[in-house]
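**Q** Prediction below, plus the sequence it came from.
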Amino acid sequence: MGVVENTPTWFVMRDLKRPNALSPAWKTLPGMGFEVFTPLRTRIVMRKGVPVREALPVVNDLLFVSAERMAHAIMYNSGSRGRSGINRHLA
């Protein structure tokens, strides 16, 4: 029994940005059309001297992304190998 290529699958990914980055992956990927789950906790942080409630990830660099296998292969390989990595997976 083979794996169907275009079925949504959950992938465990790491966010390699700094924990204090302005646009972490768990905020960026939903805008790119991916479903993202990250366990969040509510903490009170100081912003310009004012306490503000903010949802922060429980584990800074861990996120779960639901995507089709083809989309994951394109996103994963396009960063380091350019067009050759994309073409190999689309063939």
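**A** Received, thanks.
**Q** my read: residue 38 touches residue 65, true?
**A** No: using CB atoms under 8 Å, residue 38 is not in contact with residue 65, being 9.5 Å away. C-beta coordinates here come from the backbone N, C-alpha and C atoms, glycine included.
**Q** distance between the ends of stretch 45-60?
**A** With CA to CA, to the nearest Å as the measure, stretch 45-60 spans 16 Å from end to end.
**Q** can I assume residue 13 is in contact with residue 66?
**A** No: here residue 13 lies out of contact with residue 66, judged by CB under 8 Å, at a distance of 10.9 Å.
**Q** So for those two, which residue has more residues nearby?
**A** residue 13 (20 against 13; other CB atoms under 10 Å).
**Q** how close does residue 46 get to residue 26?
**A** From residue 46 across to residue 26, the span is 22 Å (CB to CB, to the nearest Å).
**Q** Same drill for the two, tell me which one is more crowded.
**A** residue 26 (22 against 8).
**Q** State the phi and psi torsions of that one.
**A** Per-residue torsions, residue 26: phi -70, psi -20 (degrees, to the nearest 10).
**Q** Please name the residues that touch it.
**A** 15, 36, 38, 57, 63 (CB atoms under 8 Å, 6 or more residues apart in numbering).
**Q** If we use 6 Å, what do you get?
**A** When contacts are counted by CB atoms under 6 Å, 6 or more residues apart in numbering, residue 26 touches 36, 38, 63.
**Q** Tell me which helix or strand the last one sits in.
**A** For residue 63, the element it lies in under DSSP states H and E is strand 62-68.
**Q** which residues of this structure fall in helices?
**A** Secondary structure of the chain by DSSP state H: the helices cover 25-28, 69-81, 83-90.
**Q** Look at the closest residue to residue 7 other than its chain neighbours and report its pLDDT.
**A** Closest residue in space to residue 7, ignoring its immediate chain neighbours: residue 68 at 6.9 Å, by CB to CB, 6 or more residues apart in numbering. Residue 68 is assigned a predicted lDDT (pLDDT) of 73.
**Q** what about residue 68, distance to residue 19?
**A** On the measure of CB to CB, residue 68 and residue 19 end up 29 Å apart.
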